[in-house]
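> this one's sequence-less:
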């Protein structure tokens, strides 16, 4: 078969975009002139807010024609350049183009959303089948592309493991985690994260109360020893007096 045959739905989709673009301006320009809109009201957001459905729908459909069909263009060009075109690809391309025409016709006119959705879904299915037809063979280990990926992945991992920038980042993260843990431990974190309160004596100096108690105890002991010495001197004087008598 002639490989150039797949370019017909390719060019047809481009012509569909031009037709919708022209129809959009055919609806929009009279609306702008009829509504006497100021230049400040011609911003995309404001124009979309003011435009009725019959003016806004062609604009929305034109945006759609620059979304999914771009994948269709890339797939057709790839098949044409690599000379992989067969009947199944050609049928899928024509079905995609036909359902895109129906989708634009519905969207730009009465815009029945359920019908528009199914037309869009069928176009997506046929585009996906075409793309999968030449993508799936790449997932065979016997293919050069897959072998190259399997060869380069270990080298890529080895490079990332020895990259100086990543090693510095890893060391910085490790140091940050260690320093954060030391700060938490120094703060006296207990239980579920509550910080243990520090007990401060009334005097403001740890151990001051204990020292004062020891001093008082020492002075009390001194007074006790002084009382014992006085009692022993009194008993000696009484014995001398008895002897004289």
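In hand now; what should we look at? Predicted model, so just to flag it, every value in this text is computed and none were measured. Numbers count the residues shown, from 1 in each chain.

> Look up the closest residue to residue 20, ignoring the ones flanking it.
Distance criterion C-beta to C-beta, 6 or more residues apart in numbering; nearest residue to residue 20, sequence neighbours excluded, is residue 62 at 5.0 Å. Backbone N, C-alpha and C define where each C-beta goes, glycine included.

> One more: residue 108?
In this structure, residue 108 finds its nearest non-sequential neighbour in residue 58, 4.8 Å apart by C-beta to C-beta, 6+ apart.

> Check residue 101 too.
residue 16 (5.9 Å).

> Tell me the first helix or strand C-terminal of the helix or strand that neighbour falls within.
Using DSSP states H and E, residue 16 sits within helix 7-35. Counting by DSSP H and E, the next helix or strand C-terminal to helix 7-35 is helix 44-50.

> My understanding was that the residue nearest to residue 101 contacts residue 102; is that so?
No. Checked against C-beta atoms under 8 Å, the pair residue 16 and residue 102 is beyond contact range at 10.6 Å.

> Of these two, give the one with the bigger neighbour count.
residue 16 (20 against 16; other C-beta atoms under 10 Å).

> Run through the residues that contact the more buried one.
Going by C-beta atoms under 8 Å, 6 or more residues apart in numbering, residue 16 touches 65, 97, 100, 101, 104.

> Neighbour-wise, which one of those leads?
residue 100 (26 neighbours).

> Would you check how far apart it and residue 175 are?
Going from residue 100 to residue 175 by C-beta to C-beta, to the nearest Å gives 58 Å.

> And the pLDDT for the closest residue to residue 52 other than its chain neighbours?
Leaving aside its sequence neighbours, residue 52 sits nearest to residue 31 (C-beta to C-beta, 6+ apart; 7.4 Å). The model reports residue 31 with a pLDDT of 93.

> Could you report the distance from residue 31 to residue 24?
In terms of C-beta to C-beta, residue 31 sits 11 Å off from residue 24.

> who's more crowded, the two?
residue 24 (20 against 16).

> Where does pLDDT dip in this protein?
Within the chain, the segments meeting pLDDT under 70 span 135-161, 180-245.
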